[in-house]
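Chemist: let me see the structure of the following:
(chains A and B)
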Amino acid sequence: MTRTARETASSAPLLVAQGLSVRFGGLLALNALDVEVRRGEILGLIGPNGSGKTTFFNVISGVYSASAGSVHFDGVDITNVKPHYLAAHGLARTFQRSRLCLPLSVFDNLALGAVGQLNSGFMHNLISRSAFRAEASKLAEEARELLRVFNPVLADKLFEPTISLGMIDRRRVEICRALIGKPKLVLLDEPSAGMTHDETDMFMNEILQVRKSLGDLTIIIVEHEMNLIERVTSHCVVLNYGKKICEGQFKEVAADPVVREAYLGQS
Amino acid sequence: MSISMQSRRKAAIWPLAIAVALSAAALIALLSIDDQITLGVTLGVIAAGCVLAARFGAVAATEAAGADHPFVLRVLVVLAAIAVLIGLRNDNFGLLMVTTVLIYATVCIGLTIQMGYAGLFNFAGAAFLGIGGYTAALLGPKGVPDLLLLALGGFAAVVVGSLLLLPVLRTRGHYAALATLAFSILFNVFLDANDIFGGPQGLKLQGMVLFGWDFTNDITIAGYTISSYANYAILAGLLTAAAMMLTGFIDRSWIGVWLDAVRLDEVAASVFGLKIGRWKIAAFTIGNFFAGVMGALYAKMTGFIAPSNFTFGDSLTMVSIVILGGIGNRWGVLPAALIVVLLPEKLQFIQEYRFLLFSILVIIILVAWPDGLIARRLRKLEFARR
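Modeler: Here you go, the predicted model:
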């Protein structure tokens, strides 16, 4: 195992995956992957289609279980724990294909992101209704504030059905849902998928602005838009066929012949 | 009517008042008219009224008013209930029908929590009703007080229902529905074959006695006499109201949001911290409890229960009430239960054709309103800051 200079600097890393493997029958979707994410950085996870990026997200967020290896999050072993445990410990994510509850209001979707901070007890919800109402209006205020950073118009649509929103606004809601629970680490799975260049630029600016207001949140981002990766990431990990083939700053990574070969094929 | 335009302001009360008054009048008319032609005309008028009300937004206005003025709604419902009781004071059949409708409606409110909120299709509603009924029939003679008997009926349904939890939690969608369907049939076969439960002949029960008040007594208020059947109607009404309020609170709370999230997207729900199993168990338990309590009341009211009262066909009827009413909308269950329970009874004069007519009506309603009589409204957990 090679340890980079990045790791020895300052505090312990937030997320450490060691020898992480995921096997689906005969397919090794992740093959002995070592990844470290430092506090406060934006790590880019790139690689061709089917290289295991989303699988990596799914295994660290508990949707899939690991076949081998371990994941430590903030010093705690989270290998193969249930997804709901991870949310409570400060891990949030978005999905490649939108997974919002479309018939529900924007507010209801955001509330789901704040499950850990809300009181789900039967007494609180059904009997002491005034305490519940106070909690709900406090969350509504937080939600409006968060949405306003993205789009002031969106903040006024808090109690509209999510299905009535356009695609970009839905993405915004999904990101807000991941952020409203004040996580330590956010996994963004292709936030720009389906957007134009300008839209992606605008959207990423919004995300960076919110990130700043949340005290340099740690983010892992999966993206195909290389301009975006170059702009926002401080460190990149390149996957191909479930293996890490390269890591470093985007410029170094992009110049690496192995990476070029993975993306463009042998020349 | 521009209801959506004034979402910030509170909705007007008058549509609610008119709707409650008309519903009560329609109910009394439907139950007390025996003449075939008059009944046909009344049914036509009610149907036309409902169609017009839906077309011109009166249903939505009524719902909005009810949501904005819960206290007014409660007072109006109590007044309407008193009016119905006075209207039907000597009509034993009418009061029996009202009580049956309320019992079915309450079971279906439970099914709304299970199916409409958590997405657990339960094709064993009648079986859970039966578990409550048989609990009352078996424990009643042992000297258990009747109020406790109602609660025990509910708990028995929950306990027996927990046997179904394993298959229901391990499977999804149609497969979970199939598990409950199998249970429903199993329940009937089991009762038929068991002598402790009276076999196919069933069991007899004593009438209800609550706080020393015998339910076989007529009610006399200020010289007016109301038939003893009103006792059961009042008790059923109170239980329905309690179930309705509790379900309303569930819907307008985090619990309602969590149940919806579990139904709509289990992966997203669990990634954001919900324990899927826990919420499915909660929904299943509450729904079965409602069914069990109402089963005990049903058994006490009819004084006799047999396996044929709790068949798979009855379970199917309950599911169709939920779908007809508008899945996930607890208010829709009331008119739907009325149509499904009452209409076949009132149309007895056309003999077996009544089922044909009734089935056609249900199909027409679902073609005209695919979301049911009253489609579910968007939840708005928007509360004014004090």
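
Chemist: switch to C-alpha atoms for all contacts and neighbour counts from now on
Modeler: Fine.

Chemist: next up, the contacts around the closest residue to chain B within chain A.
Modeler: Relative to chain B, the nearest point of chain A is residue A:84 (3.5 Å; Cα to the nearest Cα). By Cα atoms under 8 Å, 6 or more residues apart in numbering or on different chains, the contact set of residue A:84 is B:270-275.

Chemist: can we see that at 6 Å?
Modeler: By Cα atoms under 6 Å, 6 or more residues apart in numbering or on different chains, the contact set of residue A:84 is B:270-271, B:273-274.

Chemist: next: residue B:107.
Modeler: Counting by Cα under 6 Å, 6+ apart, residue B:107 has contacts B:290-291.

Chemist: secondary structure element holding it?
Modeler: helix B:92-111 (DSSP states H and E).

Chemist: show me the domain layout of chain A.
Modeler: According to automatic domain parsing, chain A comprises the domains A:1-90+A:183-267, A:103-182.

Chemist: count the residues that sit near the closest residue to residue A:210 other than its chain neighbours.
Modeler: Sequence neighbours aside, residue A:149 is the residue nearest to residue A:210 in space, at 6.7 Å (criterion: Cα to Cα, 6 or more residues apart in numbering or on different chains). By the criterion of other Cα atoms under 10 Å in any protein chain shown, residue A:149 has 16 neighbours.

Chemist: just to revisit the earlier point, which of the residues in the helix holding residue B:107 are buried?
Modeler: B:94-111 (16 or more other Cα atoms under 10 Å in any protein chain shown).

Chemist: Three-state assignment for the residue of chain A closest to chain B, please.
Modeler: Here residue A:84 is recorded as helix under DSSP: H, G, I helix; E, B strand; the rest coil.

Chemist: next, give phi and psi for the closest residue in space to it that isn't next to it in sequence.
Modeler: Closest residue to residue A:84 in three dimensions, ignoring its sequence neighbours and counting by Cα to Cα, 6+ apart: residue B:273, at 3.5 Å. When read as degrees, to the nearest 10, the backbone of residue B:273 gives phi 110, psi 10.

Chemist: and residue B:273, what pLDDT?
Modeler: At residue B:273, the model reports a pLDDT of 89.

Chemist: the contacts of residue A:84 into a markdown table, with extra columns for secondary structure?
Modeler: Below are those laid out as a markdown table (three-state DSSP):
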| residue | secondary structure |
| --- | --- |
| B:270 | helix |
| B:271 | helix |
| B:273 | coil |
| B:274 | coil |
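
Chemist: next, count neighbours for residue B:38.
Modeler: The burial count for residue B:38: 13, using other Cα under 10 Å.

Chemist: what is the rounded mean pLDDT of the helix or strand containing it?
Modeler: Assessed by DSSP H and E, residue B:38 sits inside helix B:36-55. Average pLDDT, helix B:36-55: 84.

Chemist: and for stretch B:354-363?
Modeler: Averaged across stretch B:354-363, pLDDT comes to 79.

Chemist: in that stretch, what's buried?
Modeler: B:354-355, B:358, B:362.

Chemist: so where is chain B shaky, pLDDT-wise?
Modeler: B:1-8, B:385-386 (pLDDT under 70).

Chemist: please report how far residue A:66 lies from residue A:203.
Modeler: Applying Cα to Cα, to the nearest Å, the value for residue A:66 to residue A:203 is 33 Å.

Chemist: what about residue 50, neighbour count?
Modeler: All of this refers to chain A. The tally of other residues near residue A:50 (other Cα under 10 Å) stands at 13.

Chemist: that's the wrong chain, I meant chain B
Modeler: Counted with other Cα under 10 Å, the burial measure for residue B:50 works out to 14 neighbours.

Chemist: tell me who's in contact with it.
Modeler: Counting by Cα under 6 Å, 6+ apart, residue B:50 has no contacts.

Chemist: what about it, distance to residue A:153?
Modeler: With distances taken as Cα to Cα, residue B:50 is found 38 Å from residue A:153.

Chemist: cool, and residue A:11?
Modeler: 40 Å.

Chemist: poorly predicted segments of the stretch 51-200 of chain A, please.
Modeler: Judged by pLDDT under 70, no stretch of the stretch 51-200 of chain A qualifies at all.

Chemist: thinking again about what came up before, let me know whether the residue nearest to residue A:84 touches residue A:87 as I believe.
Modeler: Yes - if you go by Cα atoms under 6 Å, residue B:273 and residue A:87 touch, sitting 4.9 Å apart.

Chemist: looking at those two, which is more packed in?
Modeler: Comparing residue B:273 with residue A:87 by neighbour count (other Cα under 10 Å), the higher total belongs to residue A:87, at 27 against 23.

Chemist: on that earlier part again, tell me the one of the buried residues of stretch B:354-363 nearest chain A?
Modeler: Checking these against chain A by Cα to the nearest Cα gives residue B:362 as the nearest, at 25.5 Å.

Chemist: then that closest one would be within a strand, right?
Modeler: No - per three-state DSSP, residue B:362 lies outside any strand segment and is helix.

Chemist: once you drop chain neighbours, what's closest to it?
Modeler: residue B:324 (7.4 Å).

Chemist: touching, that neighbour and residue B:372? I think so.
Modeler: Yes - with contact defined as Cα under 6 Å, residue B:324 and residue B:372 form a contacting pair (4.7 Å).

Chemist: which of the domains of chain A sits closest to residue B:174?
Modeler: Across the domains of chain A, residue B:174 has its closest neighbour in domain A:103-182 (21.4 Å, Cα to Cα).

Chemist: pull up the distance across that closest one, start to finish.
Modeler: End to end - Cα to Cα - domain A:103-182 spans 25 Å.

Chemist: which strand or helix spans the residue nearest to residue A:210?
Modeler: Element membership for residue A:149, per DSSP H and E: helix A:129-150.

Chemist: show me what that helix is packed against.
Modeler: Applying 3 or more Cα pairs under 6 Å, 6 or more residues apart in numbering or on different chains; DSSP states H and E, we find helix A:129-150 packed against helix A:152-155.

Chemist: so after the helix it packs on, what's the next helix or strand?
Modeler: Downstream of helix A:152-155, the first helix or strand assigned by DSSP H and E is helix A:167-179.

Chemist: what's next to that following helix, contact-wise?
Modeler: By Cα under 6 Å, 6+ apart, the surrounding residues in contact with helix A:167-179 are A:92-93, A:110, A:113.

Chemist: picking up where we left off before, same list, the domains of chain A, but as JSON lines with distance to residue B:178 please.
Modeler: Output for the domains of chain A, formatted as JSON lines (distance: least, Cα to Cα, whole Å):
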{"stretch": "domain A:1-90+A:183-267", "distance to residue B:178": "26"}
{"stretch": "domain A:103-182", "distance to residue B:178": "26"}
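
Chemist: quick one, which of the ones you listed gets closest to residue B:290.
Modeler: Residue B:290 lies closest to domain A:103-182 among these, at 16.4 Å (Cα to Cα).
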